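J.: One predicted model, sequence on top.
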Amino acid sequence: MKRYPPALMLAFALAFCNMGAYRTSKLVVALFAAQLGADPLDVGVIVSLYAVAPLLLAVYAGRITDRLGMFGPMLGGTLGVIAGLLVPVVRPGMTSLYVSAAVLGGSYVFYHVAIQKLVGTVSTPETRSRNFAGYSMVLAIATFIGPLVFGYAIDRVGHVRSYLYLAAVPGATVALLFAFRRLVPAAARTEGHRAGPVLDLLANRGLRRVLLTSGVILTGIDLFSFYLPIYAHDIGLSATVIGRIMAAFALASFVVRVVMPKLTARYAEEQVLGWSLAMSGGTYLLFPFFTDAWVLGAIAFMLGLGLGLGQPLSTMLTYSRAPRGRSGEALGLRLTVNHFTHVVVPVLFGAIGSAFGLGPVFWTNALFLAAGGWLSRRKT
């Protein structure tokens, strides 16, 4: 097996720190909000605030990355993530959770577009599937470790100090960026920037279908990140146990991404994506029927097997189907579509949860995932 190039290894290290902090913040904010007495609608608003700024800024972040390179957006985005994590430390309370979510979302989008473009830029068509699979495995490891560590930390030192410790994690990203700056391309030398109307990208039927499917996938992941902790808290599970259930999801994501290159070599990428979403939709139906921590962990593991394939496949398909010179913009457009669903769907689901309980939240999301699976498998 060939070794990864140094620039890709740097991307993996940066992703481990930043994604670990960003994803874990959703566990911390959900449990903190629950402790403060938030209802499902409050949590839905917080989920939406993670997405409002990315909805407005993602395409711009992609164009900036295409034109100026990846170092600046990654550094600025990381500093913003640190600031967002420190807001509840400075002034604990529900208002700070709203502000923190908005700052985190608006900052992370610049880093997110740039790191994905970095992975694509240092890859060839032959290594792209392997490299994106490796990148997604690093994200899964970070998502596995974060809830384990900080679920335990919340029980031991509380939510505010957990936010403080969590802010130190992306601090390592800043140090790595300056230490290995020479490994980050100043611009995508192989592409040549070609700005154009966003509607030109949406006119690409295959790319448009991937973008819509990607929004469904990210909705499934985010609703799990926020509403599984709320559901588990309501049935009396501790933060440590909830962290372990969340870690089971991340462990499954890692396991399935190990075999992703073999699956995409044997089957069409759209076919693999369709089956993964169908499996995820079926799994979502099960959550409200069980309260045992071991059973919930097993269901979370099954969900991770399905959704764990969806995110890297949609990212890889977006990059490969983007017009030459506009991969960063296409990745930004993907995030715009994702975050449009993040703004609308969580508030809708929060209202459903407040009116009818959390069961319909899980079941409605199962229908979204099933529809996404059907869409991804239709022939272009």
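T.: That came through fine.

J.: isn't residue 248 right up against residue 294?
T.: No. Counting by CB atoms under 8 Å, residue 248 stays clear of residue 294, with 9.7 Å between them. Where C-beta positions appear, they are placed from N, C-alpha and C, glycine not excepted.

J.: so which helix or strand takes in residue 11?
T.: Per DSSP states H and E: residue 11 is located in helix 6-35.

J.: Just name whatever secondary elements the next helix or strand after that helix is in contact with.
T.: Next in sequence after helix 6-35, counting helices and strands by DSSP H and E, comes helix 40-68. Here helix 40-68 touches helix 6-35, helix 71-90, helix 94-121, helix 205-234, helix 327-356, going by 3 or more CB pairs under 8 Å, 6 or more residues apart in numbering; DSSP states H and E.

J.: Residue 273: which of the ones you listed is closest?
T.: Nearest of the helices and strands packed on helix 40-68 to residue 273, taken as CB to CB: helix 205-234 at 6.6 Å.

J.: The closest one packs against which elements?
T.: For helix 205-234, the packing partners by 3+ CB pairs under 8 Å, 6+ apart come out as helix 6-35, helix 40-68, helix 198-202, helix 239-258, helix 269-284, helix 293-321, helix 327-356, helix 359-377.

J.: Off-centre distance for it?
T.: Here helix 205-234 shows a centroid-to-chain-centroid distance of 9 Å under the convention CA atoms, centre = their mean, to the nearest Å.

J.: Return the angle between stretch directions for it and helix 40-68.
T.: Between the axes of helix 205-234 and helix 40-68, defined by axes from the mean of the first three to the mean of the last three CA atoms, to 10 degrees, the angle is 140 degrees.

J.: okay, the angle between helix 205-234 and helix 239-258?
T.: On the basis of the same axes, to 10 degrees, helix 205-234 is oriented at 150 degrees to helix 239-258.

J.: and helix 205-234, which residues are buried?
T.: By 16 or more other CB atoms under 10 Å, the buried positions in helix 205-234 come out as 207-233.

J.: Equivalent analysis for stretch 89-103, please.
T.: Neighbour counts using 16+ other CB under 10 Å place 89, 92, 94, 96-103 of stretch 89-103 among the buried residues.

J.: Quick one: mean pLDDT for that stretch?
T.: In this model, stretch 89-103 has a mean pLDDT of 92.

J.: ok, and what's touching that stretch?
T.: For stretch 89-103, contacts defined as CB atoms under 8 Å, 6 or more residues apart in numbering pick out 25, 29, 32-33, 36, 38, 42, 45-47, 49-50, 52-53, 80, 83-85, 87-88, 159-161, 163-164, 167.

J.: is it true that residue 52 touches residue 105?
T.: Yes. In this structure residue 52 lies within contact range of residue 105 using CB under 8 Å: 6.7 Å.

J.: Between the two, which has more neighbouring residues?
T.: Taking other CB atoms under 10 Å, residue 52 and residue 105 do not tie; residue 105 has more neighbours (27 against 17).

J.: State the distance from the closest residue to that one other than its chain neighbours to residue 131.
T.: Distance criterion CB to CB, 6 or more residues apart in numbering; nearest residue to residue 105, sequence neighbours excluded, is residue 50 at 4.1 Å. Going from residue 50 to residue 131 by CB to CB, to the nearest Å gives 27 Å.

J.: Could you check which of those two has the larger neighbour count?
T.: Per other CB under 10 Å, whichever of residue 50 and residue 131 has more neighbours is residue 50, with 28 against 22.

J.: who's in contact with the more buried one?
T.: Residues near residue 50 by CB under 8 Å, 6+ apart: 26, 101-102, 104-105, 222, 342.

J.: what's the farthest-apart pair in those residues?
T.: Pairwise distances across these (CB to CB) peak at 15.1 Å, for the pair 102 and 222.

J.: Return, as residue ranges, the portions of the stretch 151-300 of the chain with sub-threshold pLDDT.
T.: Along the stretch 151-300 of the chain, segments meeting pLDDT under 70 span 186-204, 206, 208.

J.: Apply 80 and report the result again.
T.: 185-216, 218-219, 221-223, 225-227, 257, 261, 264-265, 267-271, 273-274 (pLDDT under 80).

J.: which residue sits closest to residue 348, ignoring its sequence neighbours?
T.: According to CB to CB, 6+ apart, the nearest residue to residue 348 is residue 44 (7.6 Å).
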